[in-house]
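Novice: Provided below for reference: sequence and predicted model.
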Amino acid sequence: MAGKSKTNSKNGDGEMTFLQHLEELRWHIIRALVAVVAGAIVAFIFKNIIFDHIILAPNNPDFITNRLLCRLADLVNAPVLCINQDPVELISIKMSGQFTTHINISLVAGLILAFPYVFWEFWSFFRPALYEKERKYARGAVTMASLLFLTGVLFGYFIISPLSINFLGSYRVSDIVTNQINITSYIGSVTSVALSAGVTFELPIVVFFLARIGVITPEFMKKYRRHAIVIVLILAAVITPPDIFSLILVTIPLILLYEASIFIARRVVRKREKADAAEAEAEAAAEREAKAKAEKAAAERDAKLKAEKAAAEREAKAEKEAAGRESEAGAETHMQEDISGAKGPDGSEGRDGSDQGNEESAGDKQ
């Protein structure tokens, strides 16, 4: 059906209508949901791995982050760094609580597993609307976004989650209040921290596209760098234990992420400026070439008109000279005809004159 919708997705002008765009988007969403459900089924089947070795692991003293921090605490003589040595007691207060939690965690795990494919589906929907130059800039966006998201999830899971569990699970307003954490609350905290970190690590991708379309600039990010650092410090202080090391451990990667985003924005702006300058130069060169061609064509037209004019003048002059010669020849012919008519056809005018002369001489003799 998807192939059929693509085949009949264009009108007579070769462009998709609004409803056809919605139909195309619907199939992209359906395929993405199928991928998420497939990942959720896999996660649902491997329940022990998902819960015992992944979800509940940060609460265990043998978790890798907890063990490394305890070793560091021994080296620097800072016992406060040794976290989660007393696991938080988890309870379920609803009959269907654990089953519902199992389904919810399976869906979240399915989303994480299928994220590269989900992102690729939505990217495939938006990609045809981009120009070739924009596609070039966005090349590898799916891979980079997936890597950043997974890196953020791992950072949230291995770094932020153990610190948050230790702080929130051991925090007491009074000694007479005992923490018995609901399994739903615990899992919600771990998954929200991991997913939030994954989304936060997408900042370079977001900055890339915003800088590409001119919404954000490196100067803007530099201007509000101090504000961003303050926000990061506040967030890190909320989710970490009250010690400077944990605060730095969470703060530094987030600040580095912000600085990396500034670097990316700067590179994007420079490339965009170079591309715009090259495009402007190409347009100017094309205009100069068109102008030169127009001037050449005009010069050729002028030369042709001058040549035609000169040829016409020469032809007119030649016709005038020919007419003059014909006139002279005609006058000559008329003159000869007049002379011939005066003499007569047998030349008698000359003989009469001689006879008259002879007669005159004879009369004189008599």
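Specialist: Perfect, I can see it now.

Novice: what about the stretch 151-300 of the chain, any weak spots by pLDDT?
Specialist: 239-243, 245-246 (pLDDT under 70).

Novice: In the stretch 151-300 of the chain, mark out all the strands, start to finish.
Specialist: Using DSSP state E, counting those that start in this stretch, the strands of the stretch 151-300 of the chain run over residues 181-182.

Novice: Helices of that one, start to end?
Specialist: Taking DSSP state H, counting those that start in this stretch as the criterion, the stretch 151-300 of the chain contains helices spanning 161-170, 183-200, 203-212, 218-223, 225-239, 244-343.

Novice: Flag every buried residue along the helix or strand where residue 70 lies.
Specialist: Secondary structure assigned from DSSP states H and E places residue 70 in helix 64-76. By neighbour count with 16 or more other Cβ atoms under 10 Å, helix 64-76 contains the buried residues 65-66, 69-70, 73. The C-beta positions use only the backbone N, C-alpha and C, and glycine is treated the same way.

Novice: ok, back up a step: and of the helices of the stretch 151-300 of the chain, who's closest to residue 51?
Specialist: When these are ranked by distance to residue 51, counting by Cβ to Cβ, first place goes to helix 183-200 at 8.7 Å.

Novice: Alpha carbons only: can I get that closest one in PDB?
Specialist: Coordinates of the C-alpha atoms in helix 183-200 are reproduced here as PDB (Å, rounded to 0.1, in the frame of the first residue of the first chain):
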ATOM      1  CA  ILE A 183       9.200   1.000  41.700                       C
ATOM      2  CA  THR A 184       7.200   3.200  39.300                       C
ATOM      3  CA  SER A 185       8.800   6.400  40.700                       C
ATOM      4  CA  TYR A 186      12.300   4.800  40.600                       C
ATOM      5  CA  ILE A 187      12.000   3.600  37.000                       C
ATOM      6  CA  GLY A 188      10.400   6.900  35.900                       C
ATOM      7  CA  SER A 189      13.300   8.900  37.400                       C
ATOM      8  CA  VAL A 190      15.900   6.700  35.700                       C
ATOM      9  CA  THR A 191      14.300   6.600  32.300                       C
ATOM     10  CA  SER A 192      13.400  10.400  32.400                       C
ATOM     11  CA  VAL A 193      17.000  11.200  33.300                       C
ATOM     12  CA  ALA A 194      18.400   9.000  30.500                       C
ATOM     13  CA  LEU A 195      16.000  10.200  27.800                       C
ATOM     14  CA  SER A 196      16.400  13.800  28.900                       C
ATOM     15  CA  ALA A 197      20.200  13.500  28.600                       C
ATOM     16  CA  GLY A 198      19.700  11.900  25.200                       C
ATOM     17  CA  VAL A 199      17.600  14.800  24.000                       C
ATOM     18  CA  THR A 200      20.000  17.300  25.500                       C
END
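
Novice: State the number of residues packed around residue 251.
Specialist: The number of residues packed near residue 251 is 18, by other Cβ atoms under 10 Å.

Novice: wait, doesn't it sit right on residue 236?
Specialist: Yes - distance between residue 251 and residue 236: 4.5 Å, which falls inside the contact criterion (Cβ atoms under 8 Å).

Novice: Which residue is the nearest non-sequential neighbour of residue 123?
Specialist: Among residues not flanking residue 123 along the chain, residue 142 sits closest, at 5.4 Å (Cβ to Cβ, 6 or more residues apart in numbering).

Novice: ok, the one you found - contacts?
Specialist: For residue 142, the contacting residues are 116, 119-120, 123, by Cβ atoms under 8 Å, 6 or more residues apart in numbering.

Novice: closest to residue 322 among those?
Specialist: Distance ranking of the contacts of residue 142 against residue 322, using Cβ to Cβ, places residue 123 first at 83.0 Å.

Novice: Please name every helix or strand in contact with the strand or helix carrying the closest one.
Specialist: Secondary structure assigned from DSSP H and E places residue 123 in helix 97-126. Helix 97-126 sits against helix 18-45, helix 47-50, helix 141-155, helix 183-200, with contacts defined as 3 or more Cβ pairs under 8 Å, 6 or more residues apart in numbering; DSSP states H and E.

Novice: Out of the ones you listed, which is closest to residue 315?
Specialist: Residue 315 lies closest to helix 18-45 among those, at 67.7 Å (Cβ to Cβ).

Novice: what's the model's confidence in that closest one, averaged?
Specialist: Averaging pLDDT along helix 18-45 gives 90.

Novice: measure residue 282 to residue 275 for me?
Specialist: Counting by Cβ to Cβ, to the nearest Å, the gap from residue 282 to residue 275 is 10 Å.

Novice: Neighbour count for these two, which is higher?
Specialist: Between residue 282 and residue 275, counted using other Cβ under 10 Å, the more crowded position is residue 275 (13 against 10).
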